[in-house]
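# How does the following fold in three dimensions:
(chains A and B)
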Amino acid sequence: MSLDSGTDPGALASPPSGELAPASSVIRRAVTGNRLRDGRPVYFVGSSRWSEAIEEAAHVAPNAAERLLAEAQHGRPHPVVAPYLIDVTFGEGRLRPVGLRERIRAFGPTVGAGP
Amino acid sequence: MYRYDEFDRRFLEARVAQYRDQVRRRLAGELSEDEFRPLRLMNGLYLQLHAYMLRIAVPYGTLSPAKLRMLAKIARRYDRSYGHFTTRQNIQFNWIKLEETPDILAELATVEMHGIQTSGNCIRNVTADPLAGVAEDEIEDPRPYCEIIRQWSTLHPEFSFLPRKFKIAVSGAASVDRAAVRVHDIGLYLRRNEAGEVGFEVLVGGGLGRTPMIAKTLRAFLPKRQLLPYLEATLRVYNEFGRRDNLFKSRIKILVQSLGIEKMREAVEAEFAAMGESPLELPAATIAAIAAHFAPPAYAPAGAADEAMLALARAGDPEFGRWLDRNVVTHRAPGYAIATVSLKPPGKPPGDVTAEQMELLADLAESFGLGEIRVTHEQNLVLPHLRRGDLPEVWRQLKAADLGHANAGLASDIIACPGLDYCSLANARSIPVAQQLSEHLAARDHEIGELRIKISGCINACGHHHVGHIGILGVDKNGEEFYQITIGGSADENAALGAIVGPAVAADAVTGAVDKLIDVYLHARRAGERFPETYRRIGAAPFKEALYATH
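Numbering: from 1, shown residues only, chains lettered A, B, ... in the order given. Have a look, this model is predicted:
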């Protein structure tokens, strides 16, 4: 069960790959990083704003990704540690990270919190 | 238990003050992440997938009730009410906020704890046999030597920027190894020579990770007084000749492999000889002064009534009987026992413990355990001084807190690293694999007997998979989790590296694969034979056949 709001990436017995990227979805790119003050994963929304909710992330076509990253890196002191680009899919009105690592970052551990 | 002196206390207070200012400057943008990262890592603070992770040292795995209560307080006030014990006797908190870390370190300092030497390319927190000082089979308590090494190595200016991290483990047991000594950069076994003198066998070049190796003997017998000069000579050779150009070849094991143990020995002995009469030589009085901190507590005389009470409790509750047989071992003091507290309830994340459980264990240690708790590298805890007559009541309270499982050393007592659920280095998840396996295997635990399953979520091998009787390594194949299985490894006195059975299996096939390996073992084993012995006798073929045969 996920700790956080959002969708659980799936139990191990149901490999999460099956949930990834429906055929109709489109690969887009978004910017993420860990918030400096508390380390939480955050997503660049635009206009120097960041959100814990991936649904709010700004996302662009791959050929515009570097420009989005440059915009996200702007500012000092910067509130986010080492922002970087990730692949996301946008389909059926939902934004989802591609790859298990980023899905776990976005939605929380698949094992619940603690014993 | 060792208590800080005024020097230790002042040092730690100054360190917290320095760190508080470093965090302030980082949050104000005066320090970049590149500048700040080494400073936070020197205090045990990592940045992981979901938050900062704080790794706190538990020197030689020894905790007092006050320390454990402080860890519970940290868990509750600054984290999510639980902590995770690691495979190096440390504890990690997974949900830490940078802005709160100066206060956390200040709180820890009040109970003589910190995160120093839990990260970076320094000599890491020294680990020890968790049964140190209480095991029947011990030559001498290793903890005074761990403490001596701690005092020598903390912020050692020459060894703070080694080619790579450096791990030391010490065991005083005569014939067994409960500290995985042979998979450390330097391993120390207390030994008795033909003249009856106690000294050390010094091993070097063990380690897991990308290139696993079993340590080799560097010196068969080292007099105790020469411990620090000899360690210093070894570290100097490593510091000078260890690879700094290739991260994957930077550990001392690679140096030992490339030089060969004979040339390594020559280099160390030459350095040692060149040091002459070192000021680091340990006078007997110094050793005795440190050892006095670890003097045995005042044990009460054994009582016949205790044994009668224990026999009655065993007869009345088979579950308690199983716990006695599996988790309790003989203490060197008559009338006392050593109990392993399993942090592996079937289906739960290995090594995790809640704030409430920590407080209960602190209470039990205070009421029944002469004020001591130990951490094992197998991610369990130990109450090392229990009166045998108190065992029924201690178990009753442990069981009520989900800490009374009779599975120490059994199949469901699985070691697992945090894996991809928390760790930024991982390629695959470990904890869910452990949860599924332990839940599945718990019912067969006592039929199977001792079986060490160890799971890592990446090649860095924090879950010690190379030395599992059955080892499981998570790998990423085109974005999907697969698990490579090894068999025949062992972390004990007969340390061995497991061999890969065959191609990695899909995540949903791991439990079935482990079942098949266990079935082969159960079918083939002879009386008293553990999994590694059966494997060495019958070879890999039957296991491969069971796992991969298509007919």
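# Is there a neighbour count for residue 36? I'd like the number.
Looking at chain A here, since you left the chain open. Residues lying near A:L36 (other CB atoms under 10 Å in any protein chain shown) number 23. In short, each C-beta sits where N, CA and C put it, glycine included.
# that's the other chain; I wanted chain B
Look at B:F36: counted by other CB under 10 Å, it has 20 neighbours.
# quick one: contacts for it?
Neighbour list for B:F36: B:Q22, B:R25, B:R26 [criterion: CB atoms under 8 Å, 6 or more residues apart in numbering or on different chains].
# let's see it at 6 Å
Listed by CB atoms under 6 Å, 6 or more residues apart in numbering or on different chains, the contact partners of B:F36 are B:R26.
# State the distance from the closest residue to chain B within chain A to B:C122.
Here the residue of chain A nearest chain B is A:P77; by CB to the nearest CB that distance is 2.4 Å. Using CB to CB, to the nearest Å, A:P77 is found at 29 Å from B:C122.
# ok, how many other residues are close to the residue of chain A closest to chain B?
12.
# So it belongs to a helix, correct?
No. Assessed with DSSP: H, G, I helix; E, B strand; the rest coil, A:P77 is coil; it does not lie in a helix.
# For it, give me the pLDDT.
A:P77 is assigned a predicted lDDT (pLDDT) of 90.
# Excluding chain neighbours, what is closest to it?
B:G29 (2.4 Å; CB to CB, 6 or more residues apart in numbering or on different chains).
# Now do the phi/psi pair for the one you found.
Main-chain torsions, B:G29, degrees, to the nearest 10: phi 80, psi 10.
# cool, B:V183 as well?
In terms of degrees, to the nearest 10, the main-chain angles of B:V183 are phi -120, psi 30.
# Could you do B:R244 as well?
Torsion angles, degrees, to the nearest 10, at B:R244: phi -110, psi 0.
# What's the local residue count around it?
Neighbourhood size, B:R244 [other CB under 10 Å]: 13.
# Can you name the residues that contact it?
When contacts are counted by CB under 6 Å, 6+ apart, B:R244 touches B:P163.
# What's the local residue count around the nearest residue to B:P212 once chain neighbours are set aside?
Spatially, and ignoring its direct neighbours in sequence, B:P212 is nearest to B:H466 (4.1 Å; CB to CB, 6+ apart). For B:H466, the tally of surrounding residues (other CB under 10 Å) stands at 28.
# circling back to that earlier point, can you tell me how far the residue nearest to A:P77 is from B:L41?
Following CB to CB, the distance that separates B:G29 from B:L41 is 20 Å.
# quick one, longest strand in chain A?
Longest strand of chain A, by residue count under DSSP state E: strand A:80-91.
# Pick out whichever of B:G29 and B:L41 has more residues nearby.
Relative neighbour count places B:L41 above the other of B:G29 and B:L41, with 18 against 13, counting by other CB under 10 Å.
# hang on, that one packs against B:N121?
No. Look at B:L41 against B:N121 with CB atoms under 6 Å: they stay out of range, at 9.6 Å.
# pLDDT below threshold where in chain A?
Scanning chain A for pLDDT under 70 picks out A:1-25, A:112-115.
# could you redo the last one with a cut-off of 90?
Per-residue confidence of chain A (counting by pLDDT under 90) places the weak regions at A:1-26, A:75-76, A:90-94, A:111-115.
# likewise chain B?
Looking at chain B by pLDDT under 90, you get B:1-6, B:302-305, B:479, B:549-551.
# mind exporting stretch B:198-212 as PDB, just the C-alpha atoms?
Extracted as PDB, the C-alpha positions of stretch B:198-212 are listed here (Å, rounded to 0.1, in the frame of the first residue of the first chain):
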ATOM      1  CA  VAL B 198      45.900 -13.800  23.400                       C
ATOM      2  CA  GLY B 199      46.300 -11.800  20.300                       C
ATOM      3  CA  PHE B 200      44.700 -11.300  16.900                       C
ATOM      4  CA  GLU B 201      44.600 -13.200  13.600                       C
ATOM      5  CA  VAL B 202      44.400 -10.300  11.100                       C
ATOM      6  CA  LEU B 203      42.600 -10.900   7.800                       C
ATOM      7  CA  VAL B 204      42.500  -8.500   4.900                       C
ATOM      8  CA  GLY B 205      40.700  -8.000   1.600                       C
ATOM      9  CA  GLY B 206      37.300  -9.400   2.300                       C
ATOM     10  CA  GLY B 207      34.200  -7.700   1.000                       C
ATOM     11  CA  LEU B 208      31.000  -8.100  -1.000                       C
ATOM     12  CA  GLY B 209      29.600  -5.700  -3.600                       C
ATOM     13  CA  ARG B 210      30.500  -5.900  -7.300                       C
ATOM     14  CA  THR B 211      33.600  -8.100  -6.700                       C
ATOM     15  CA  PRO B 212      33.000 -10.300  -3.700                       C
END
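# Same question for it: list its buried residues.
Judged by neighbour count (16 or more other CB atoms under 10 Å in any protein chain shown), stretch B:198-212 contains these buried residues: B:G199, B:F200, B:E201, B:V202, B:L203, B:V204, B:G205, B:G206, B:G207, B:L208, B:G209, B:P212.
# Give me the contacts around that stretch.
Contact with stretch B:198-212 is made by B:140, B:182-184, B:186-189, B:191-192, B:213-224, B:248, B:251-253, B:256, B:459-461, B:466, B:497, as judged by CB under 6 Å, 6+ apart.
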